[in-house]
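A.B. asks: how does the following fold in three dimensions:
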Amino acid sequence: MPTTIQDPETLTSEQQDILVAAMNDRGQFAILQRSDTFGKAVRTKKVRFFDADDSEVARKYLDAVKQLEQLLLVREIGKRDHFELTNVGWLVGRKVQQAQR
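C.D. replies: Numbers count the residues shown, from 1 in each chain. Take a look at the predicted model:
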């Protein structure tokens, strides 16, 4: 059963990174496979979550997307592997941004 979260401190650093990056891109991000990512990776228009020398980095962020979905902070939209923040995702994302300042 899905659950939701209110406290951003319980999120992993990868989950927090995705929320903040999505907020800076109109609340959207995608999981894409491009030539520069050497496999699937989480991306916004400005931020790419992967390391060409370490595939484990991309895997951690891909796992974080699944966890964010389970927490009801993001949802898949339109095309497959394209996501947006939910209302709760925006609220938690704002708390993350404030905590990072």
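A.B. asks: excluding its backbone neighbours, what's nearest the residue nearest to the spatial centre of the chain?
C.D. replies: Centroid-nearest residue in the chain: I18, 3.0 Å away (criterion: Cα atoms, centre = their mean). In this structure, I18 finds its nearest non-sequential neighbour in A64, 5.7 Å apart by Cβ to Cβ, 6 or more residues apart in numbering. C-betas here are computed from N, CA, C, even on glycine.
A.B. asks: cool, and R75?
C.D. replies: T86 (5.6 Å).
A.B. asks: contacting residues for that neighbour?
C.D. replies: By Cβ atoms under 8 Å, 6 or more residues apart in numbering, T86 lies in contact with 72-75.
A.B. asks: gap between the residue lying closest to A52 once chain neighbours are set aside and F50?
C.D. replies: Of all residues not flanking A52 in the chain, F38 sits nearest, at 6.0 Å (Cβ to Cβ, 6+ apart). To F50, F38 is 8 Å away according to Cβ to Cβ, to the nearest Å.
A.B. asks: who has more neighbours, the two?
C.D. replies: F50 (23 against 14; other Cβ atoms under 10 Å).
A.B. asks: all helices for this protein, in order.
C.D. replies: With DSSP state H applied, the chain shows helices at 13-23, 55-70, 87-100, listed in chain order.
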